[in-house]
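>>> What follows is a predicted protein model with its sequence.
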Amino acid sequence: MTTREVEHEITVAAPAQAVYRLIAEVENWPRIFPPTLYVDHVERGEREERIRIWATANGAPKNWTSKRTLDPDNLRITFRQEVSTPPVAAMGGTWIIEPVSATESRIRLLHDYRAIDDDPEGLKWIDEAVDRNSRSELAALKTNVELAHASEEITFSFEDTVQIDGSAKDAYDFVNEANLWPERLPHVATVRFEEETPGLQSLEMDTRAKDGSTHTTKSYRVTFPHHRIAYKQITLPALMTLHTGYWTFEENEDGVAASSQHTVVLNTENIARILGADATVADAREYVQTALSTNSRATLGYAKAYAEGKR
């Protein structure tokens, strides 16, 4: 069996420890890898873990599982695909983060792989795919790691929760059935909804603002019946460069706590244009949080009425 080993590298303007942390903590991945929609842990030990990744490939959502070994002392992360897709027979590799200076580091990405039956055409296809993907992934990673490191003061998260005297399944169904939102939610004008793969949804919708204007957003959603729906918005309003979030439904002795969580990175370049020349980052933060919370709370309120009406 022929195993091919290749290496790609890039230098980034962020400290090595910060870069390692961004790659090691998988909840950061939707921020730093543009194709990544959501990542969660299947198993998690101190140094070993299995993670499930949902991402878009050529515009279509996919998911797979990888095993990872974390080595924070040496700033290394090794990974191995559990089930590879033909023509790949096996695929793994290592991230190595090396300090160049206090504010700069080198990211090395190593891959090892083999083709099914050592097929030369298959190996050539993998060579090209790994080379193309590694170059684009490292270039995107450089941009997004530098942004994430620099934008910690413009990155924020918040959550709204309502208590529902009903079942988690009914509350979950209301949020999951986004194709019915134009009939169920006054602030939603139209929806274009697809779920070709069960549990992976594409949701494009036009929502009405208080002033009567409508704006279009598109998200990919990953669903976990009946307790969580995670999403990443890919068409963003002008004041955001990133918007991810999730809906959760946790049963308790009084029924179910339904929550909507948001993580946002502000687009500071557009603050003056949207909010006026004197507007500050704090103003933009308050504006965005109010807008998102208003819609989330409205949706949670209607989900509450729906679930309590089903009792």
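Perfect, I can see it now.

>>> the helices in the stretch 201-311 of the chain, which residues?
271-275, 281-309 (DSSP state H, counting those that start in this stretch).

>>> Next, format these as JSON lines and append distance to residue 114.
Where you see a C-beta, it was placed from the backbone N, CA and C, and this is true even at glycine. Output for the helices of the stretch 201-311 of the chain, formatted as JSON lines (distance: least, Cβ to Cβ, whole Å):
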{"stretch": "helix 271-275", "distance to residue 114": "51"}
{"stretch": "helix 281-309", "distance to residue 114": "46"}
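
>>> Comparing these, which stretch has the densest surroundings?
The densest packing among those, expressed as mean neighbour count by mean count of other Cβ atoms under 10 Å, is seen in helix 281-309 with a mean of 17.

>>> Residue 170 is nearest to which of the helices of the stretch 201-311 of the chain?
Closest to residue 170 of the helices of the stretch 201-311 of the chain, according to Cβ to Cβ: helix 281-309, at 3.8 Å.

>>> And residue 30, how far from residue 89?
Distance from residue 30 to residue 89, counting by Cβ to Cβ, to the nearest Å: 30 Å.

>>> Could you do residue 195 as well?
The gap separating residue 195 from residue 89 is 32 Å, by Cβ to Cβ.

>>> Residue 37 now?
Taking Cβ to Cβ, one finds residue 37 at 27 Å from residue 89.

>>> for residue 247, same thing?
Distance from residue 247 to residue 89, by Cβ to Cβ: 39 Å.

>>> hang on, the earlier thing: out of the helices of the stretch 201-311 of the chain, flag the one nearest residue 167.
Closest to residue 167 of these, according to Cβ to Cβ: helix 281-309, at 6.3 Å.

>>> What helices and strands are in contact with the closest one?
strand 155-164, helix 168-176, strand 255-266, helix 271-275 (3 or more Cβ pairs under 8 Å, 6 or more residues apart in numbering; DSSP states H and E).

>>> would you list those in TSV and tack on distance to residue 124 and mean pLDDT?
As requested, the helices and strands packed on helix 281-309 are exported to TSV (distance: least, Cβ to Cβ, whole Å; pLDDT from 0 to 100):
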stretch	distance to residue 124	mean pLDDT
strand 155-164	41	96
helix 168-176	43	98
strand 255-266	39	96
helix 271-275	48	96
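
>>> Quick check: buried residues in the top helix by length along the chain?
Across the chain, the longest stretch assigned as helix under DSSP state H is helix 120-150. Burial within helix 120-150, assessed by neighbour count using 16 or more other Cβ atoms under 10 Å, is assigned to 122-123, 126, 130, 134, 137-138, 141-142, 144-145, 147-149.

>>> picking up where we left off before, compare residue 195 and residue 89 (neighbour count), which wins?
Between residue 195 and residue 89, residue 89 has the larger neighbour count (other Cβ atoms under 10 Å), namely 19 against 15.
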